[in-house]
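# Got a predicted structure plus its sequence, pasted below:
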Amino acid sequence: MTSLLKVTDLSVEYRVQGRKDPIVALDGASLDLPETGYTLGIVGESGSGKTTLGMSIMRLIERPGRIASGRVEYKGADVLQMDKEELRRYRWKEVAMVYQSAMNSLNPVKSVSQPIVEVIQNHARVPGPEARERALQLLSEVGIRKDRADDYPFEFSGGMRQRVVIALALALSPNLLIADEPTSALDVVVQRQILELLRHEMRSKGLSLIFITHDISILSELVQNVAVMYAGEVVERGPHDKVLFDPLHPYTESLLGSLVSLDSKADIERDDPAPTRRVLPLEGAGENYCKYVASCRYAFERCVRERPLLRETENGRFVACHKYS
Ligand SMILES: Nc1ncnc2c1ncn2[C@@H]1O[C@H](COP(=O)(O)OP(=O)(O)O)[C@@H](O)[C@H]1O
Ligand code: SF4
Ligand SMILES: [Mg+2]
């Protein structure tokens with residue numbers, strides 16, 4: 001069966017002035033959203049490549065970045081080979097993204113409804129009043145009253161601006177929404193409201209979602225599936241209850257471990273028979289080793305001479321770790 005979205009072995013690098021070697025932001029990352037309605041959380045620490053992966057799916061990697069290798073397929077179509085017209089249809093109508101920090105970069109001299117009207121009119125021959133009516137409808141769906149549609153971004157709180165950005169992404173009723181850290185700059189109460197809004201959109205419209213975050217704790221109520229990124233790779237992917245409560249990859253385990261309260265963590269550490277070991281790559285090993293090896297308490301000899309690839313271990317669970325192969 002053709003997947004809704006499939007990313008295969010994607011590598012992206014950024015050339016930075018003054019550096020001999022490029023920064024490798026994605027290093028063979030793979031993802032699969034099998035069908036419409038699928039919801040996936042992508043979690044990983046800052047710098048692990050989450051935004052680069054989202055931008056690659058939108059085909060928005062620009063210089064000094066470049067996609068060095070790999071594939072992005074949407075409903076079987078090769079996104080990296082799409083022409084201008086195909087790409088125009090793909091972005092916004094099929095896949096839309098709430099960009100990281102977008103709520104702080106709304107155009108200050110445009111009212112909040114204006115960019116939504118513009119997106120609608122840029123993509124369809126809709127008369128002005130109709131486009132405006134649709135924009136107002138979208139704003140009210142995300143909780144912004146119609147009588148505020150002509151106000152400017154600075155007149156809104158952070159949470160309200162984030163709602164505007166979500167309405168903008170939903171302007172052309174996309175199939176798949178990519179939301180890049182949409183709650184990171186918000187306080188906990190507002191964060192919950194935005195998550196509730198996204199949940200509502202998913203349910204009522206059957207929308208598929210990729211939700212990018214560095215905070216694993218907010219994923220359990222929002223998405224059915226979780227992918228964990230480390231150093232430009234997806235190291236684990238599977239149903240959220242499995243990944244969050246019974247992780248396979250040692251890195252996921254440590255991410256979850258850091259959430260446990262200090263008291264219970266001390267108990268776990270006392271009971272834990274596996275001492276932390278440091279196994280370092282052999283000289284001349286090149287890229288052919290597990291990138292997590294220096295921090296991994298389970299590392300063994302194979303980990304420093306062979307790179308683990310993402311493999312299915314059981315139905316719907318994938319992990320890149322030699323412990324499981
Ligand atoms: N425009 C850019 N120029 C140079 N390096 C970049 C650029 N964007 C991202 N990077 C680098 O790529 C890596 C991955 O970044 P990013 O995708 O933003 O990670 P995340 O979203 O997980 O924090 C980081 O090392 C980052 O410094
Ligand atoms: S491959 Fe080895 S070093 Fe890497 S995570 Fe698995 S056990 Fe640890
Ligand atoms: Mg990011």
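Now that the structure is in, tell me what you want to look at. Ligands and ions are numbered 1, 2, ... in the order given.
# can we go C-alpha only for contacts and neighbour counts from here?
Will do.
# And the longest helix anywhere in the chain, what's buried?
Ranked by number of residues, the top helix in the chain under DSSP state H is helix 188-205. Judged by neighbour count (16 or more other Cα atoms under 10 Å), helix 188-205 contains these buried residues: 190-191, 194-195, 197-199, 201-202.
# which element follows that helix toward the C-terminus?
Downstream of helix 188-205, the next assigned helix or strand under DSSP states H and E is strand 208-213.
# The stretch 1-150 of the chain: helices as residue ranges?
For the stretch 1-150 of the chain, applying DSSP state H, counting those that start in this stretch gives helices covering 50-57, 84-89, 114-123, 128-141.
# Looking at those, which is nearest to ligand 1?
Nearest to ligand 1, of all the helices of the stretch 1-150 of the chain, is helix 50-57, at 3.7 Å by Cα to the nearest ligand atom.
# Enumerate every residue touching the residue lying closest to residue 94 once chain neighbours are set aside.
Counting by Cα to Cα, 6 or more residues apart in numbering, residue 174 is the residue found nearest to residue 94 once chain neighbours are left out, at 4.6 Å. By Cα atoms under 8 Å, 6 or more residues apart in numbering, the contact set of residue 174 is 92-96, 207.
# Using TSV, lay out these together with pLDDT.
Formatted as TSV, the contacts of residue 174 follow (pLDDT from 0 to 100):
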residue	pLDDT
92	91
93	94
94	97
95	98
96	97
207	94
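# could I get these as JSON lines with distance to residue 20 and neighbour count?
Shown next, in JSON lines, are the contacts of residue 174 (distance: Cα to Cα, whole Å; neighbours: other Cα atoms under 10 Å):
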{"residue": "92", "distance to residue 20": "37", "neighbour count": "24"}
{"residue": "93", "distance to residue 20": "40", "neighbour count": "18"}
{"residue": "94", "distance to residue 20": "38", "neighbour count": "16"}
{"residue": "95", "distance to residue 20": "35", "neighbour count": "23"}
{"residue": "96", "distance to residue 20": "35", "neighbour count": "25"}
{"residue": "207", "distance to residue 20": "43", "neighbour count": "21"}
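# Just put these in CSV and tack on distance to ligand 1.
Output for these, formatted as CSV (distance: Cα to the nearest ligand atom, whole Å):
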residue, distance to ligand 1
92, 21
93, 24
94, 22
95, 19
96, 17
207, 23
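# what's the closest of the residues you listed to residue 186?
Among the contacts of residue 174, residue 96 lies closest to residue 186 (Cα to Cα), at 21.5 Å.
# thinking again about what came up before, so what angle separates the directions of the longest helix of the chain and helix 128-141?
120 degrees (axes from the mean of the first three to the mean of the last three Cα atoms, to 10 degrees).
# Can you give the contact residues for helix 188-205?
So helix 188-205 is contacted by 37, 142, 159, 162-163, 183-184, 207-209, 222 (Cα under 8 Å, 6+ apart).
# now the end-to-end length of stretch 167-177.
Counting by Cα to Cα, to the nearest Å, you get 11 Å between the two ends of stretch 167-177.
# Quick check: residues of the chain near ligand 1?
Residues of the chain lying near ligand 1 by Cα under 6 Å from any ligand atom: 14, 16, 25, 45-52.
# what do you get if the cut-off is 5 Å, keeping everything else the same?
Applying Cα under 5 Å from any ligand atom, one finds that the chain approaches ligand 1 through 14, 25, 46-52.
# picking up where we left off before, including mean neighbour count, could the helices of the stretch 1-150 of the chain go into a markdown table?
Below are these laid out as a markdown table (neighbours: other Cα atoms under 10 Å):
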| stretch | mean neighbour count |
| --- | --- |
| helix 50-57 | 23 |
| helix 84-89 | 12 |
| helix 114-123 | 18 |
| helix 128-141 | 18 |
